[in-house]
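Asks: Please work out how this folds:
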Amino acid sequence: MENKVIKYKKYSFKKHPSIESIQIIEGKNNFPISWLNQQGYCEYQIYLQYMKGIKTPETKAMKKGTDVHNQLEEKFLESAEPATFEEVIETSKEKATLTRECFVISPDDGIRGFIDEIWMTPTEIVIIDDKPGSKAFPSTINQVRAYCLAFKNMSDDERPIKGALRQRGTDNIFWSEEFDRDTEKEIRFTINRMHSLFDGQKPFMATKNPNKCRSCRYSDCCEKCKL
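Replies: So this is what the prediction gives:
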């Protein structure tokens, strides 16, 4: 499999006046896809972190995840060749191609992010998101589905797309699914809910699970904590 480092097309953007990390791209709010993982855990975390601006130290798990991620990226770059997004798409129609940290963006859906790894063959495309465990949660599924949506819109490729979750630092793909019309409809529903939160049309909902509150780094400053 041929390794490729993708060069990205630049988009003009401006910062949201009040929400950290939201960018306004082509006149629409655009949020990081990774927020869908956080949203599935507890929407109120997003409110505390990005709207109220509350800062907390990184957890040990977050630091470990960053270290493992950086090690994998460094190893990949040792043999990877640079190419544009369009060049990688065309190359993969003839032979298997692999890329990491692929930036994808869908201005129409208002999402953007970096995909951990993509396998592209002449017959299919597999979008892989690395996670620390080996259990597929609705939040992690939503995240990889959004990556699939952004990639589909950005590439305009007709090959079947599959989303997959892999245990970080291993070859263990513990969940996968075809990204079909029904899946696309479901993730767009969740993405639209996110935009309704940022627009003030709906309130941020806090988790009702006290176990989540116990492990939450915002529990000391959250007025909705269930402890």
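
Asks: Spell out, range by range, the strands that occur in this protein.
Replies: Assigned by DSSP state E, the chain shows strands spanning 2-7, 14-15, 23-25, 28-32, 81-84, 97-106, 111-120, 125-131, 161-167, 173-178.

Asks: Which residue comes closest to residue 187 once chain neighbours are left out?
Replies: Leaving out its chain neighbours, the residue that sits closest to residue 187 by CB to CB, 6 or more residues apart in numbering is residue 145, at 4.0 Å. All C-beta atoms are positioned from the backbone trio N, CA, C, and that covers glycine.

Asks: Now for the one you found: which residues touch it?
Replies: By CB atoms under 8 Å, 6 or more residues apart in numbering, the residues touching residue 145 are 163, 179, 183, 184, 186, 187.

Asks: so can I have a markdown table of the residues you listed showing pLDDT, distance to residue 81 and neighbour count?
Replies: Shown next, in a markdown table, are these (pLDDT from 0 to 100; distance: CB to CB, whole Å; neighbours: other CB atoms under 10 Å):
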| residue | pLDDT | distance to residue 81 | neighbour count |
| --- | --- | --- | --- |
| 163 | 98 | 26 | 25 |
| 179 | 98 | 27 | 22 |
| 183 | 98 | 32 | 17 |
| 184 | 98 | 32 | 16 |
| 186 | 97 | 36 | 13 |
| 187 | 98 | 32 | 23 |
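
Asks: Quick check: the two most widely separated of those residues?
Replies: 163 and 186 (11.8 Å; CB to CB).

Asks: residue ranges with poor pLDDT in the chain?
Replies: The chain contains residues with pLDDT under 70 at 1-10, 57-80, 226-227.

Asks: can you give me the helices in the chain?
Replies: 35-41, 43-46, 60-77, 85-92, 138-155, 181-198, 210-215 (DSSP state H).

Asks: Please identify which of the ones you listed is closest to residue 122.
Replies: Closest among these, once you apply CB to CB, is helix 85-92, at 7.1 Å.

Asks: Now do that closest one: which elements does it pack against?
Replies: strand 2-7, strand 97-106, strand 111-120, helix 138-155 (3 or more CB pairs under 8 Å, 6 or more residues apart in numbering; DSSP states H and E).

Asks: What residues of it count as buried?
Replies: Within helix 85-92, the residues that qualify as buried are 85, 88, 89, 91, 92, counting by 16 or more other CB atoms under 10 Å.

Asks: mind listing what the nearest residue to residue 205 once chain neighbours are set aside touches?
Replies: Leaving aside its sequence neighbours, residue 205 sits nearest to residue 43 (CB to CB, 6+ apart; 4.9 Å). Listed by CB under 8 Å, 6+ apart, the contact set of residue 43 reads 197, 204, 205, 206.

Asks: Return the distance of the second one relative to residue 39.
Replies: Which is residue 204. According to CB to CB, to the nearest Å, residue 204 stands 9 Å off from residue 39.

Asks: ok, those two, which is more surrounded?
Replies: residue 39 (24 against 16; other CB atoms under 10 Å).

Asks: Now do the contacts for the more buried one.
Replies: Counted by CB under 8 Å, 6+ apart, residue 39 has contacts 46, 139, 142, 190, 194.
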